[in-house]
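*Asks:* sequence first, predicted model second:
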Amino acid sequence: MIIAVDGPTASGKGTIARGLAAHFELPHLDTGLLYRAVGRQVALNGGDPDDAADALAACGFNDALLAHPELRSEATGALASRVSVHPAVRAALYARQRAFAMQPGGSVLDGRDIGTVIAPEAAVKLFVTASVAARAQRRFAEMVAHGRDVTLAAIEADLAARDARDSGRAEAPLRAADDAMMLDNSALNAGQSVAAAIAAVERALRG
Ligand code: C5P
């Protein structure tokens, strides 16, 4: 069984995907990390994230980079959003995501285009949304807990910019697959979101 979890930045899709993977005992891939690694590698190379050739060259990042704490920063998220616009970057990361999705026994992937591009045949597709205010508040609390010096206003502005870039790009824009179930978790905490997602998957499996 493949479960595709898509949604905008800080919608809680990662928490939901991890919860589903634990519940259904499936391996999980956070595909945003791959784009974040490319963004970070461009910066390490001294390249320009808006340049397709520089971004493509960064797709050869070393896998050790995936565990680097800097990958979780807002700055790297913004770089990821810029490199992910290039079709060549998306193509370079496709095979890895596709192979993970298709492994025997099933998988859970979260990202922006899992249900539309990476695994359109997924048994269950969830599109997770939450208001910008709710998402900004959560991201703010997370950053403060990690000791980062950020303001709520800066996070809201960054989320809005990333939403616009992810939804407006020509290649694999952020959108719900026609057969995706929508899950708005603005009013839910993490535990409630995971429980709602498990219930939605079980309903979908029952048909
Ligand atoms: O989900 P996360 O915030 O880690 O993703 C970082 C960026 O990577 C997103 O803003 C998006 O531009 C890009 N991304 C993507 N396709 C995916 C996952 C992430 O374009 N499947």
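*Replies:* Arrived safely, thanks for sending. Given the structure is predicted, the values throughout are model-derived calculations rather than measurements. Numbering: from 1, shown residues only.

*Asks:* got the contact list for the spatially most central residue of the chain?
*Replies:* The chain has residue 111 as the residue nearest its centroid, 3.2 Å off, counting by Cα atoms, centre = their mean. Neighbour list for residue 111: 5, 6, 30, 31, 32, 97, 118 [criterion: Cβ atoms under 8 Å, 6 or more residues apart in numbering]. All C-beta spots, glycine's among them, are computed from the backbone N, C-alpha and C.

*Asks:* contacting residues for the fourth one?
*Replies:* Contacts of residue 31 were listed using Cβ under 8 Å, 6+ apart, and they are 93, 97, 109, 110, 111, 112, 114, 118.

*Asks:* still on that earlier bit, closest one of the contacts of residue 111 to residue 128?
*Replies:* For the contacts of residue 111, the minimum distance to residue 128 (Cβ to Cβ) is 6.3 Å, reached by residue 5.

*Asks:* so for the closest one, what's the pLDDT?
*Replies:* pLDDT for residue 5: 98.

*Asks:* isn't it right next to residue 20, touching?
*Replies:* Yes - Residue 5 lies in contact with residue 20 (Cβ atoms under 8 Å); the separation is 7.0 Å.

*Asks:* so these two - more neighbours on which side?
*Replies:* residue 5 (34 against 22; other Cβ atoms under 10 Å).

*Asks:* the more buried one: what secondary structure?
*Replies:* strand (DSSP: H, G, I helix; E, B strand; the rest coil).

*Asks:* please enumerate the strands of this structure.
*Replies:* All strands of the chain, identified by DSSP state E, fall at 2-6, 28-30, 107-111, 124-129, 181-184.

*Asks:* pull the residues that contact the first one.
*Replies:* Outside strand 2-6, the residues within contact range by Cβ under 8 Å, 6+ apart are 13, 16-17, 20, 24, 26, 101-102, 106-116, 118-119, 121-128, 174, 176-177, 180, 197, 201.

*Asks:* and what of the fourth one?
*Replies:* Outside of strand 124-129, the residues within contact range by Cβ under 8 Å, 6+ apart are 1-8, 11-13, 16, 114-115, 176-177, 179-186, 193, 197, 200-201, 204-205.

*Asks:* same check, this time on stretch 91-103
*Replies:* Taking Cβ under 8 Å, 6+ apart as the rule, stretch 91-103 contacts 2, 27, 29, 31, 34-35, 38, 56, 59, 107, 109, 111, 114, 117-119, 122.

*Asks:* hmm, try it at 7 Å
*Replies:* 2, 27, 29, 31, 34, 56, 59, 107, 109, 118, 119 (Cβ atoms under 7 Å, 6 or more residues apart in numbering).

*Asks:* isn't residue 8 up against residue 174?
*Replies:* Yes - using Cβ atoms under 7 Å, residue 8 is in contact with residue 174, at 6.2 Å.

*Asks:* can you tell me which of the contacts of residue 111 has the most neighbours?
*Replies:* Most neighbours among these, by other Cβ under 10 Å: residue 5, with 34 neighbours.

*Asks:* mind checking how far that residue is from the ligand?
*Replies:* 10 Å (Cβ to the nearest ligand atom, to the nearest Å).
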